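> quick one, fold the following:
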Amino acid sequence: MKKLILFILIITTPLVFCQAEKETSKKISAEFEKHYNSDEYQEIFEMFSDEMKTALPIEQTMDFFKGLKNQAGKIKSREFIKYENGTCAAYKTTFERTLVADDLLGVIRFSGTDTAEFALNICHDKDSKINGFFVKPFKNLPKLKRNQTKLILPFTGEWTVLWGGDTKELNYHVEVEAQNGAFDIIITDENGKSYKNNGDNNEDYHAFGKELIAPCDAEVVLVVDGIKDNKPGEMNLYFILGNTVILKTDNDEYLLFTHFKQNSIVVKQGENVEKGELLGLCGNSGNSSEPHLHFHIQNVEDINQATGAKSYFEEIYVNGELKKDYSPIKNEKIKNKK
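Numbers count the residues shown, from 1 in each chain. From the prediction side, this is the model:
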């Protein structure tokens, strides 16, 4: 059975998701499809960046696309889904013929049965040249708009929502599909400040070292620990999430907690935790400029494929007023009923 290498990726941009296809991506993908369906593989090669041409020389480019066309046929339709990695536009793509896929380390085998739907990712650089290309089986991921599981806030005491809500003004996370509905939460004093002294040290911040707890009974499906806490004002762009815990509820909701204090996480992957059980301590690891909790719910464990969902908490005080089944927004002071 012939194997086709369908994974060439030479980009280093950070993970970014967008909800609308950009004009540049529309033009590049349409041109790519036209050349592919017309057997114009030399023209596709000319669309590559210099790095891409080095990674996939003209002979390999020709062999690859000829093999793909022979087994899969033409592209019948494309539907833009999202941006998966910087300027990588992901398309739900239907080929003429059905295929069998074995997605392993970028290798996909075609043998003539199963599914004609694949995710086609086309990445481009600032000069609108293709610098990444990825084909993988298309997966219909579960939909999740909000939590069905009853949740308490994942901390004790009163905290302040730094970012939260449904609009860009209230919550910059809304532009990131995986983080849609996310919160950044801090602790502020009576003057609205999140730190004492001059804020040069993590220990100056009211949230640093505070306990973070499980909002419900759940299974621990991921733990990442050992990443150093940043100096306030600096961020770690190599380990974006920092020290992380992901919990899975009985309703298949994935609860993501990030930026824990280094070596503070006390739960282990595979364990079950109960509502209110200690997870670890608030820290300043990852893409974080000051100690805070980032929390959101997503539909699958993998943040690279996930779509964020809105979080509602069962009974919480919001600016001193008791609210039920409520999703807080920016600048609100929140705490659990009990």
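> middle-most residue in the chain, spatially?
What sits nearest the mean C-alpha location of the chain, by Cα atoms, centre = their mean, is I303, with 3.4 Å.
> wait, that one sits on T244?
No. The criterion here is Cβ atoms under 8 Å, and I303 misses it with T244 at 9.4 Å. No exception for glycine: its C-beta is placed from N, CA and C like everyone else's.
> what about the residue nearest to the residue nearest to the centre of the chain when sequence neighbours are not counted, neighbour count?
Once flanking residues are discounted, I303 sits nearest to A178: 5.0 Å by Cβ to Cβ, 6 or more residues apart in numbering. A178 has 23 neighbours, counted by other Cβ atoms under 10 Å.
> in which helix or strand would I find the nearest residue to I240 once chain neighbours are set aside?
Distances taken as Cβ to Cβ, 6+ apart place N287 nearest to I240, at 4.5 Å, with adjacent residues excluded. Assigned by DSSP states H and E, N287 falls within no helix or strand.
> and what of K53?
If you go by DSSP H and E, K53 is part of helix 50-55.
> do I334 as well
Per DSSP H and E, I334 falls inside strand 333-336.
> keeping just the C-alphas, turn that strand into PDB.
Below are the C-alpha coordinates for strand 333-336, written out as PDB (Å, rounded to 0.1, in the frame of the first residue of the first chain):
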ATOM      1  CA  LYS A 333     -16.000  40.600  42.600                       C
ATOM      2  CA  ILE A 334     -17.100  37.000  43.000                       C
ATOM      3  CA  LYS A 335     -17.000  34.300  45.800                       C
ATOM      4  CA  ASN A 336     -18.800  31.100  46.600                       C
END
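> buried residues, it. List them.
334, 336 (16 or more other Cβ atoms under 10 Å).
> nearest spatial neighbour of V273, skipping sequence neighbours?
Distances taken as Cβ to Cβ, 6+ apart place A214 nearest to V273, at 4.4 Å, with adjacent residues excluded.
> with G286 instead?
That would be G242: by Cβ to Cβ, 6+ apart, it lies 2.4 Å from G286.
> try K27
S128 (7.6 Å).
> before we move on, back to that, the residue nearest to V273 touches N272, doesn't it?
No. Look at A214 against N272 with Cβ under 8 Å: they stay out of range, at 9.7 Å.
> tell me which of these two has more neighbours.
Neighbour count, other Cβ under 10 Å: between A214 and N272, A214 has more, with 23 against 13.
> host element of K34?
Taking DSSP H and E as the criterion, K34 maps to helix 23-37.
> just the buried residues of that helix, please?
25, 28-29, 31-33, 35-36.
> same deal with stretch 126-146?
Across stretch 126-146, burial judged by 16+ other Cβ under 10 Å covers 129-136, 138, 144.
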